[in-house]
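Enquirer: Just to be clear, the model below is a prediction. Sequence and coordinates:
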Amino acid sequence: MSATSAGHEDWSGNAPAMGFFTWIVGANTLYGDPMFADIYGLPHEDLAAGIPVEKVIERIDPSDQPQIARSVHQAILSGTQTSSTYRVLDPDGGSRTILSFGRCLRDEEGIPSIFSGAIVEAAATQVIFAADPLLAHCRAALELAEAAGQDNVARHLSLALSELEGGSAAAKPS
């Protein structure tokens, strides 16, 4: 497969279509590749030139926006990786569920400056985790628990995922 800057037609085999973005926090300018633009239903040229992050947020289902705002805010404050599952509204009135993940990087003075990440349609994530169905189901359950505000359940699932991924959990659930 050759690397080009076109859209969906460049993805082949079992690899899911993944879009990438970079948000310059201080300038409030978000850049995205053509796949990100396609998934969000935004013009490629606009994302290549940079748009205010609010233009992307407008495409998120209004009922999912508070969850995403909390997740992004926490990632900016902590510098830790974030991941969320939410719905993006299609221009034709439908919606699609996506999985996003990213991290806010800090400059040399420790100020949050660049938030980079990727998105993939949630249905395509089954391909990514097909080798380990238990891991896939635990990750999906974690996303559901976080979306539902079930913090205690999410904490336990995070510990289970840490164990499955070969890490050791700092605290054992009681």
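Expert: Cool, got the structure. Residues are numbered from 1 along each chain as shown.

Enquirer: pretty sure residue 38 contacts residue 47?
Expert: No. Using CB atoms under 8 Å, residue 38 is not in contact with residue 47; the gap is 9.9 Å. For the C-beta atoms, the positions are set from N, CA and C on the backbone; glycine is no exception.

Enquirer: roughly how far is stretch 86-105 from the heart of the chain?
Expert: Taking the mean of its C-alpha atoms, stretch 86-105 sits 8 Å from the chain's own mean (CA atoms, centre = their mean, to the nearest Å).

Enquirer: tell me the domain boundaries of this structure?
Expert: Per automatic domain parsing, the structural domains of the chain span 16-128, 129-166.

Enquirer: Pipe these into a markdown table and attach mean neighbour count and mean pLDDT per row.
Expert: Written out in a markdown table, the entries for these read as follows (neighbours: other CB atoms under 10 Å; pLDDT from 0 to 100):
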| stretch | mean neighbour count | mean pLDDT |
| --- | --- | --- |
| domain 16-128 | 16 | 91 |
| domain 129-166 | 15 | 77 |
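
Enquirer: Which SSE is immediately downstream of the longest strand seen in the chain?
Expert: Within the chain, and with DSSP state E defining each element, the longest strand by residue count is strand 95-106. Later in the chain than strand 95-106, the nearest helix or strand by DSSP states H and E is strand 112-121.
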